[in-house]
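J.: Just the structure for this:
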Amino acid sequence: MMHAFRAKDIDIYKPDGHDENFLAVHLVCLKCKNFWHTALNECYLCGEINYGVGVCSKKHHTSLTTSQKSDETNQKNCKYCNKIPAKKCINDDCPTNKDTVISKIISYSRKEQESGVFEGQLKSSMKISMNYCLKCGHRENKYLQFLVFVEDYDPRTSHDIICKHRKPDHVVIFKNRLPKSIVYAYFEGSHDPANWQPNWTELSQTITQLFS
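T.: Residues are numbered from 1 along each chain as shown. The predicted structure follows:
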(Lines give C-alpha, C1' and ligand atoms only; values in the text may rest on other atoms or scores of the structure.)
Protein backbone atom coordinates (compact mmCIF):
# COMPACT_ATOMS: atom_id res chain seq x y z
CA MET A 1 0.00 0.00 0.00
CA MET A 2 2.80 2.42 0.86
CA HIS A 3 4.51 1.68 -2.47
CA ALA A 4 1.26 2.63 -4.24
CA PHE A 5 1.28 6.03 -2.51
CA ARG A 6 4.94 6.59 -3.38
CA ALA A 7 4.16 5.78 -7.02
CA LYS A 8 1.82 8.78 -6.94
CA ASP A 9 4.69 10.98 -5.65
CA ILE A 10 3.17 11.18 -2.17
CA ASP A 11 5.58 11.24 0.78
CA ILE A 12 5.23 8.38 3.28
CA TYR A 13 6.26 8.33 6.94
CA LYS A 14 6.05 5.29 9.19
CA PRO A 15 5.52 6.18 12.88
CA ASP A 16 7.85 4.23 15.17
CA GLY A 17 6.09 1.36 16.88
CA HIS A 18 2.95 1.67 14.75
CA ASP A 19 2.56 -1.16 12.23
CA GLU A 20 -1.15 -0.60 11.65
CA ASN A 21 -0.90 2.80 9.89
CA PHE A 22 1.31 5.23 8.00
CA LEU A 23 1.33 8.97 7.35
CA ALA A 24 0.75 10.17 3.76
CA VAL A 25 1.76 13.78 3.01
CA HIS A 26 1.85 16.01 -0.06
CA LEU A 27 2.15 19.75 -0.68
CA VAL A 28 -0.91 21.07 -2.56
CA CYS A 29 -2.31 24.40 -3.71
CA LEU A 30 -4.35 26.05 -0.96
CA LYS A 31 -7.03 27.09 -3.47
CA CYS A 32 -7.50 24.19 -5.91
CA LYS A 33 -5.53 21.35 -4.18
CA ASN A 34 -3.47 20.70 -7.32
CA PHE A 35 -0.09 19.10 -6.53
CA TRP A 36 2.61 21.68 -5.82
CA HIS A 37 5.68 20.72 -7.85
CA THR A 38 8.52 21.46 -5.46
CA ALA A 39 11.11 19.97 -7.82
CA LEU A 40 10.41 22.59 -10.50
CA ASN A 41 12.31 25.88 -10.77
CA GLU A 42 11.24 29.17 -12.29
CA CYS A 43 13.15 32.11 -13.73
CA TYR A 44 13.63 34.79 -11.08
CA LEU A 45 13.12 37.69 -13.49
CA CYS A 46 10.02 36.61 -15.42
CA GLY A 47 8.58 33.58 -13.57
CA GLU A 48 8.75 31.19 -16.54
CA ILE A 49 8.97 27.53 -15.53
CA ASN A 50 11.93 25.28 -16.34
CA TYR A 51 10.27 22.74 -18.62
CA GLY A 52 13.45 20.75 -19.30
CA VAL A 53 13.71 22.32 -22.76
CA GLY A 54 16.95 23.58 -24.25
CA VAL A 55 17.40 26.34 -26.84
CA CYS A 56 20.34 26.18 -29.24
CA SER A 57 22.01 29.10 -31.05
CA LYS A 58 19.65 28.55 -34.00
CA LYS A 59 16.59 28.99 -31.73
CA HIS A 60 15.58 25.33 -31.93
CA HIS A 61 13.70 24.01 -28.89
CA THR A 62 14.40 20.43 -27.90
CA SER A 63 13.71 18.26 -24.87
CA LEU A 64 16.75 17.78 -22.67
CA THR A 65 15.36 14.52 -21.33
CA THR A 66 15.05 12.76 -24.69
CA SER A 67 17.79 14.29 -26.87
CA GLN A 68 20.99 12.38 -27.55
CA LYS A 69 24.28 13.02 -25.73
CA SER A 70 27.39 14.18 -27.54
CA ASP A 71 30.33 11.79 -27.26
CA GLU A 72 32.78 14.70 -26.91
CA THR A 73 31.04 16.74 -24.21
CA ASN A 74 28.66 14.24 -22.61
CA GLN A 75 25.93 16.93 -22.96
CA LYS A 76 22.57 16.74 -24.67
CA ASN A 77 22.52 17.85 -28.32
CA CYS A 78 19.82 19.65 -30.26
CA LYS A 79 17.81 17.06 -32.15
CA TYR A 80 17.54 19.35 -35.19
CA CYS A 81 21.07 20.68 -35.75
CA ASN A 82 23.19 18.73 -33.22
CA LYS A 83 24.37 21.90 -31.48
CA ILE A 84 24.46 21.97 -27.67
CA PRO A 85 21.31 23.68 -26.32
CA ALA A 86 21.39 26.14 -23.46
CA LYS A 87 19.21 25.55 -20.43
CA LYS A 88 17.85 29.06 -20.75
CA CYS A 89 14.49 30.65 -20.00
CA ILE A 90 12.24 29.87 -22.98
CA ASN A 91 10.53 33.27 -22.68
CA ASP A 92 12.13 35.26 -25.52
CA ASP A 93 11.18 38.54 -23.83
CA CYS A 94 12.87 37.62 -20.55
CA PRO A 95 15.69 40.01 -19.57
CA THR A 96 18.00 36.99 -19.27
CA ASN A 97 17.62 36.60 -23.05
CA LYS A 98 17.32 40.25 -24.18
CA ASP A 99 19.71 42.08 -21.85
CA THR A 100 23.35 41.52 -22.82
CA VAL A 101 24.68 42.54 -19.38
CA ILE A 102 22.48 39.98 -17.61
CA SER A 103 23.46 37.33 -20.17
CA LYS A 104 27.15 37.95 -19.42
CA ILE A 105 26.53 37.72 -15.67
CA ILE A 106 24.86 34.33 -16.17
CA SER A 107 27.72 33.06 -18.35
CA TYR A 108 30.33 34.14 -15.75
CA SER A 109 28.59 32.12 -13.02
CA ARG A 110 28.61 28.89 -15.04
CA LYS A 111 31.23 26.24 -15.59
CA GLU A 112 32.85 25.73 -18.98
CA GLN A 113 30.38 24.46 -21.61
CA GLU A 114 27.41 25.39 -19.39
CA SER A 115 24.97 28.16 -20.23
CA GLY A 116 21.51 29.34 -19.32
CA VAL A 117 19.42 30.25 -16.29
CA PHE A 118 18.67 26.64 -15.32
CA GLU A 119 22.10 25.14 -15.93
CA GLY A 120 23.88 23.17 -13.23
CA GLN A 121 22.94 21.85 -9.82
CA LEU A 122 24.33 24.82 -7.88
CA LYS A 123 22.07 27.53 -6.53
CA SER A 124 21.63 30.47 -8.88
CA SER A 125 20.38 34.00 -8.26
CA MET A 126 18.50 33.72 -11.55
CA LYS A 127 16.34 30.72 -10.61
CA ILE A 128 14.09 30.02 -7.63
CA SER A 129 11.74 27.24 -6.58
CA MET A 130 8.31 27.40 -8.17
CA ASN A 131 6.12 29.73 -6.10
CA TYR A 132 2.73 29.54 -7.81
CA CYS A 133 0.25 26.81 -8.73
CA LEU A 134 0.59 25.54 -12.31
CA LYS A 135 -3.17 24.95 -12.50
CA CYS A 136 -4.77 28.11 -11.08
CA GLY A 137 -1.85 30.48 -10.43
CA HIS A 138 -2.51 30.79 -6.69
CA ARG A 139 0.59 31.62 -4.62
CA GLU A 140 -0.25 29.86 -1.36
CA ASN A 141 0.12 26.18 -0.56
CA LYS A 142 -0.42 23.78 2.32
CA TYR A 143 0.50 20.25 3.34
CA LEU A 144 -2.36 17.78 2.95
CA GLN A 145 -1.78 14.81 5.24
CA PHE A 146 -3.64 11.71 6.35
CA LEU A 147 -2.98 8.93 8.83
CA VAL A 148 -3.88 5.92 6.68
CA PHE A 149 -5.33 2.65 7.97
CA VAL A 150 -5.97 -0.35 5.69
CA GLU A 151 -8.85 -2.75 6.33
CA ASP A 152 -10.57 -5.64 4.55
CA TYR A 153 -14.12 -4.66 3.72
CA ASP A 154 -17.01 -6.40 5.44
CA PRO A 155 -20.42 -4.65 5.34
CA ARG A 156 -21.20 -6.08 8.78
CA THR A 157 -18.20 -4.47 10.47
CA SER A 158 -17.26 -1.49 8.29
CA HIS A 159 -19.46 0.95 10.22
CA ASP A 160 -17.81 0.01 13.52
CA ILE A 161 -14.36 0.45 11.95
CA ILE A 162 -15.00 3.92 10.56
CA CYS A 163 -16.57 5.07 13.82
CA LYS A 164 -13.18 4.43 15.44
CA HIS A 165 -11.50 6.76 12.92
CA ARG A 166 -13.55 9.94 13.02
CA LYS A 167 -10.58 12.23 13.50
CA PRO A 168 -10.29 14.69 10.56
CA ASP A 169 -6.84 13.45 9.51
CA HIS A 170 -7.71 9.73 9.67
CA VAL A 171 -8.41 7.76 6.50
CA VAL A 172 -9.47 4.13 6.25
CA ILE A 173 -8.84 2.42 2.92
CA PHE A 174 -11.03 -0.64 2.48
CA LYS A 175 -10.04 -3.57 0.29
CA ASN A 176 -12.94 -5.49 -1.24
CA ARG A 177 -11.73 -8.84 -2.52
CA LEU A 178 -13.74 -9.91 -5.57
CA PRO A 179 -13.36 -13.30 -7.31
CA LYS A 180 -10.90 -11.97 -9.92
CA SER A 181 -9.77 -8.61 -8.57
CA ILE A 182 -9.49 -6.27 -5.60
CA VAL A 183 -11.25 -2.91 -5.54
CA TYR A 184 -10.75 -0.09 -3.06
CA ALA A 185 -12.71 2.67 -1.35
CA TYR A 186 -11.81 5.11 1.40
CA PHE A 187 -13.49 6.77 4.34
CA GLU A 188 -12.17 10.15 5.48
CA GLY A 189 -12.58 10.88 9.17
CA SER A 190 -14.00 14.35 8.52
CA HIS A 191 -17.04 12.77 6.82
CA ASP A 192 -20.27 11.53 8.44
CA PRO A 193 -20.19 7.71 8.83
CA ALA A 194 -23.97 7.55 8.43
CA ASN A 195 -23.76 9.02 4.93
CA TRP A 196 -20.70 7.10 3.75
CA GLN A 197 -21.17 4.90 0.71
CA PRO A 198 -18.15 3.06 -0.73
CA ASN A 199 -17.02 4.26 -4.13
CA TRP A 200 -15.12 1.22 -5.44
CA THR A 201 -12.23 1.92 -7.81
CA GLU A 202 -8.69 0.75 -8.53
CA LEU A 203 -6.12 1.65 -5.89
CA SER A 204 -4.43 4.37 -7.98
CA GLN A 205 -7.78 6.07 -8.58
CA THR A 206 -8.64 5.86 -4.88
CA ILE A 207 -5.38 7.59 -3.94
CA THR A 208 -5.93 10.28 -6.58
CA GLN A 209 -9.43 10.98 -5.25
CA LEU A 210 -8.11 11.24 -1.71
CA PHE A 211 -5.59 13.95 -2.65
CA SER A 212 -7.88 15.95 -4.95
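J.: Setting aside sequence neighbours, what's the nearest residue to the residue nearest the centre of the chain?
T.: By CA atoms, centre = their mean, the chain has its centre lying nearest to H37, at 4.2 Å. Distances taken as CB to CB, 6 or more residues apart in numbering place M130 nearest to H37, at 5.8 Å, with adjacent residues excluded. For every residue, glycine as well, the C-beta is placed using N, CA and C.
J.: L210 now?
T.: Y186 (5.7 Å).
J.: what's the following helix or strand after the helix or strand containing the one you found?
T.: Using DSSP states H and E, Y186 sits within strand 182-188. Once strand 182-188 ends, the next helix or strand along the chain (criterion: DSSP H and E) is helix 203-210.
J.: Report all helices and strands that that next one contacts.
T.: helix 2-7, strand 182-188 (3 or more CB pairs under 8 Å, 6 or more residues apart in numbering; DSSP states H and E).
J.: May I see the buried residues of it?
T.: In terms of neighbour count (16 or more other CB atoms under 10 Å), helix 203-210 has its buried residues at 203, 206-207, 210.
J.: Stretch 28-42 now?
T.: 28-29, 33-36, 41-42.
J.: and that stretch, how far from the chain's centre?
T.: Mean C-alpha position of stretch 28-42 versus that of the full chain (CA atoms, centre = their mean, to the nearest Å) differs by 7 Å.
J.: Surely the residue nearest to the centre of the chain touches C133?
T.: No - when contacts are counted by CB atoms under 8 Å, H37 is not listed as touching C133 (9.2 Å).
J.: how close does the residue of the chain most remote from its centre get to S57?
T.: Taking CA atoms, centre = their mean, the residue of the chain most remote from its mean C-alpha position is R156, at 38.4 Å. Going from R156 to S57 by CB to CB, to the nearest Å gives 71 Å.
J.: got it, and C46?
T.: Using CB to CB, we find C46 at a distance of 21 Å from S57.
J.: which parts of the helix or strand of the chain with the lowest mean pLDDT are buried?
T.: Across the helices and strands of the chain, mean confidence by mean pLDDT, DSSP states H and E is lowest for helix 100-108: a mean of 82. Buried residues in helix 100-108, counted by 16+ other CB under 10 Å: 102-103, 106.
J.: picking up where we left off before, give me the contacts around the strand holding Y186.
T.: For strand 182-188, the external contacting residues (CB atoms under 8 Å, 6 or more residues apart in numbering) are 146, 153, 162, 165, 170-176, 193, 196, 198-203, 206, 209-210.
J.: Break the protein into its domains for me.
T.: Domain segmentation of the chain under automatic domain parsing yields 2-35+140-210, 41-129.
J.: Out of those domains, name the one with the poorest average pLDDT.
T.: Within the domains of the chain, confidence is poorest for domain 41-129, with a mean of 79 (mean pLDDT).
J.: Quick check: end-to-end length of that domain?
T.: Terminal residues of domain 41-129 lie 4 Å apart, using CA to CA, to the nearest Å.
J.: Repeat that for stretch 152-169.
T.: 20 Å.
J.: can you check stretch 1-10 too?
T.: First-to-last residue span, stretch 1-10, CA to CA: 12 Å.
J.: ok, now which ones touch the nearest residue in space to D152 that is not next to it in sequence?
T.: Nearest residue to D152 in three dimensions, chain neighbours excluded: K175, at 5.4 Å (CB to CB, 6+ apart). By CB under 8 Å, 6+ apart, the residues touching K175 are 150-153, 182-184.
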